[in-house]
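S.K.: Got a predicted structure here, sequence first:
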Amino acid sequence: MSSGTLTIDLDAIVANWRVLAAQTRAECGAVLKADAYGTGAARAARALARAGCRRFFVAMAEEGAALREALGPGPEIGVFAGHMRGDTDMIGDLGLTPMLNSLEQLTRHFESLPGHPFGIQLDTGMNRLGMEWDEWAAVAEVALAQGPALIMSHLACADEPDHPMNPYQLDLFHQMTDGLGVPRSLAATGGILLGPDYHFDLVRPGIGLHGAAPFAGGHPSVHLALPVVQCRDLARGEVVGYGNSWQAQRPSRIATVSAGYADGILRALSGRLRLWHGDRPCPAVGRISMDLITVDVTDLGEDPEELTLIGPHQGVDDLAAAAGTIGYEILTSLSPRLVRRYHAA
Ligand SMILES: *Cc1c(COP(=O)(O)O)cnc(C)c1O
């Protein structure tokens, strides 16, 4: 096989969900947008449903449709984008629960799907999605009369526990929702870790299910192994790859592995990436190309059949730090070309 193998540990995803659920008295849902952060929403959803998760969230109605197919009737599937024009049939037929973000969406929903479940998304300062103070004040009475399933908002700085934005948004959420008698949700992974004041009735972890920051204590959900296509000897002074960016300072053995930036191994990692053969690190050398990465295996003293890129010695947060990004982007960049294998006990 010449593609990389992304092994997804469904037991780890379920174990992380259980640990997060145990940190709160609120109900614990699961956010499976972007194909469960690149790991495969259908498999993750079924594993989590078996573990007792009853509320799922996605970004878009299309993702909700795929999730409904995987889950069957029953579990609630919330759509953060709300009720967009053109989504009415999908929302109605598949029983999705749009988180309505504006008066426009509210009107569309009540006119096209009267009596169909919905939630409300409020903006408490992030200025991204949801109704702001004035808009909510204007429509709250009408919306509440229709019996929303949930009122939610989202924290902008929850991964920085001491950030003053956290108590600010908490206070505003209280002011906008206290006494309404509707279930409430404010916390994603970072918000869970801020403590019970932030939990309300339902928490919505996404990245935490994958054991990545800010949930440092979690189990990693993915392992990525890349096959070695070819090994070659270089004399001192020979160069490797596009732009000749690496030159052998000694007689070297170079392994070429079958994966590159088209698989989501960001090109910005060129010169900063290590791959692992068991416990032994091997530096990637030269530029990362679309389909290939060259690795200095001189010190191994043998030619490996494959090398590990994400594993026990290098997690998604390590790659993120090396690339100047976040674990979320590393995970969601992992391309469909990588063969997914699922591991569950
Ligand atoms: C992505 C997202 C989540 C999950 O966030 P994590 O940081 O991955 O736990 C929760 N709520 C909303 C509105 C989101 O967009």
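M.R.: Received the coordinates, thanks. Everything numeric in this text was worked out from a predicted model, so none of it was measured.
S.K.: Next, residue 49: secondary structure please.
M.R.: The three-state assignment at residue 49 reads helix, by DSSP: H, G, I helix; E, B strand; the rest coil.
S.K.: So it sits against residue 71, correct?
M.R.: Yes: between residue 49 and residue 71 there is a contact under C-beta atoms under 8 Å: 5.9 Å. The C-beta positions use only the backbone N, C-alpha and C, and glycine is treated the same way.
S.K.: So for the two, which sits in the more crowded spot?
M.R.: Neighbours per residue (other C-beta atoms under 10 Å) separate residue 49 from residue 71, with residue 71 holding more: 20 against 17.
S.K.: so how far is the ligand from residue 331?
M.R.: 10 Å (C-beta to the nearest ligand atom, to the nearest Å).
S.K.: likewise residue 33?
M.R.: 6 Å.
S.K.: Name the nearest residue to residue 51, ignoring sequence neighbours.
M.R.: Counting by C-beta to C-beta, 6 or more residues apart in numbering, residue 14 is the residue found nearest to residue 51 once chain neighbours are left out, at 4.7 Å.
S.K.: for the strand or helix carrying the one you found, which positions count as buried?
M.R.: Using DSSP states H and E, residue 14 falls within helix 10-22. Across helix 10-22, burial judged by 16 or more other C-beta atoms under 10 Å covers 10, 12-17, 19-21.
S.K.: go on, stretch 315-325?
M.R.: Neighbour-count burial for stretch 315-325 [16+ other C-beta under 10 Å]: 315-317, 319-320, 322-323.
S.K.: ok, and what's touching it?
M.R.: With contacts defined as C-beta atoms under 8 Å, 6 or more residues apart in numbering, stretch 315-325 is touched by 210-213, 220, 222, 266, 268-269, 272-273, 309-310, 326-327, 329-331.
S.K.: if we go to 7 Å?
M.R.: The set of residues external to stretch 315-325 that reach it, using C-beta atoms under 7 Å, 6 or more residues apart in numbering, is 212-213, 220, 266, 268-269, 272-273, 310, 326-327, 329-331.
S.K.: same check, this time on stretch 9-19
M.R.: The contact list for stretch 9-19, computed with C-beta under 7 Å, 6+ apart, reads 28, 30, 43-44, 47-48, 51, 53, 208-211, 218-221, 342-345.
S.K.: Do you know the pLDDT at the closest residue to the ligand within the stretch 1-150 of the chain?
M.R.: In the stretch 1-150 of the chain, the residue that lies nearest the ligand is residue 31 (4.0 Å; C-beta to the nearest ligand atom). The score at residue 31 is 98. That number is its pLDDT.
S.K.: Let me know the distance separating it from residue 244.
M.R.: Look at residue 31 and residue 244: by C-beta to C-beta, to the nearest Å, they are 44 Å apart.
S.K.: what bits of this protein have low per-residue confidence?
M.R.: For the chain, applying pLDDT under 70 flags no range at all.
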